[in-house]
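Asks: sequence and predicted model, in that order:
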Amino acid sequence: MSSGAAAHGVNTGAAAHGESSPGTARDRLLDRVVEHFAAHGIGDTSLRSLAGAIGSSHRMLHYHFGSREGLLSAVVERVEQAQRDLLQALLAGAPDPAGLGGRYWREVTDAALTYGPLFFELSGQAMQGATHAQALRAGLIDAWLGPLSELWQRSGQPPAAARAHARLGLAVARGLLFDLLITGDRTGVDAAMDLFAELTTAPTAAPTTAPRTASPRTASP
């Protein structure tokens with residue numbers, strides 16, 4: 001894969017996060033930040049060093065994002081939205097939910113290697129009520145349940161069960177992404193996701209829902 005946000009399934013255009021109109025100064029600046037982080041990593045980059053690297057200024061970054069924490073929250077929001085957009089695009093173009101889920105899992109795990117540590121750090125701050133992470137908190141769960149529920153409905157689940165499966169799948173996927181970031185064991189993590197897919201489609205002695213088809217893999221950073 002080539003470097004850059006596109007290599008991680010991240011569309012950095014304004015439509016990827018829906019915050020402001022296309023082409024605004026903030027959008028263009030955020031595009032450059034996401035591209036830079038995708039290519040070089042995040043680390044302990046300061047606003048001043050980041051501004052120099054992307055050809056901007058500390059003043060402009062502070063004006064648009066308020067602080068380093070505010071900027072990083074905007075980056076995670078952008079990546080999260082881009083991954084939801086990717087899922088919606090796959091849903092629109094792929095009739096096979098199992099194959100779709102596998103492709104999506106690969107895209108998400110690629111992105112997690114760059115943005116995952118930041119995602120989990122800021123998620124913790126959102127849990128603690130940090131002001132700069134409140135917008136992120138609003139999209140951590142509910143924003144995913146709609147598209148993931150659609151994926152499960154395509155696998156044969158009725159709407160109510162599909163939403164429960166979506167929440168379970170989201171939790172499992174994030175747990176496995178956490179595992180990946182701690183252990184680096186992508187083979188083991190992929191095997192665990194395959195097992196989850198098998199377990200959620202295994203026949204039961206007394207099924208209470210519609211017959212199930214191949215389970216989609218489910219994921220988010």
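Replies: Received the coordinates, thanks.

Asks: need the CA coordinates for stretch 32-39. PDB is fine.
Replies: Taking C-alpha atoms only, stretch 32-39 is exported to PDB below (Å, rounded to 0.1, in the frame of the first residue of the first chain):
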ATOM      1  CA  ARG A  32      -3.500  18.200   5.100                       C
ATOM      2  CA  VAL A  33      -3.300  17.200   8.800                       C
ATOM      3  CA  VAL A  34      -4.900  13.800   8.200                       C
ATOM      4  CA  GLU A  35      -2.600  13.100   5.100                       C
ATOM      5  CA  HIS A  36       0.400  14.100   7.200                       C
ATOM      6  CA  PHE A  37      -0.500  11.800  10.100                       C
ATOM      7  CA  ALA A  38      -1.300   8.900   7.700                       C
ATOM      8  CA  ALA A  39       2.100   9.200   6.100                       C
END
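
Asks: please compute how far that stretch lies from its chain's middle.
Replies: 16 Å (CA atoms, centre = their mean, to the nearest Å).

Asks: any weak-confidence spans in this protein?
Replies: The chain contains residues with pLDDT under 70 at 1-23, 94-99, 202-221.

Asks: tell me where the longest helix sits in it.
Replies: Taking DSSP state H as the criterion, the chain has its longest helix at helix 97-127.

Asks: all the helices of this protein, residue numbers only.
Replies: Counting by DSSP H, the chain has helices at residues 25-40, 47-54, 58-65, 68-93, 97-127, 134-139, 142-154, 159-183, 186-199.

Asks: same list (those) but as a markdown table, adding mean neighbour count.
Replies: For the C-beta atoms, the positions are set from N, CA and C on the backbone; glycine is no exception. Converted to a markdown table, the helices of the chain look like this (neighbours: other CB atoms under 10 Å):
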| stretch | mean neighbour count |
| --- | --- |
| helix 25-40 | 19 |
| helix 47-54 | 16 |
| helix 58-65 | 16 |
| helix 68-93 | 20 |
| helix 97-127 | 20 |
| helix 134-139 | 16 |
| helix 142-154 | 19 |
| helix 159-183 | 17 |
| helix 186-199 | 15 |
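
Asks: residue 200 touches residue 162, doesn't it?
Replies: No - Residue 200 is beyond contact range of residue 162, at 11.5 Å (criterion: CB atoms under 8 Å).

Asks: fine by me, we can end here.
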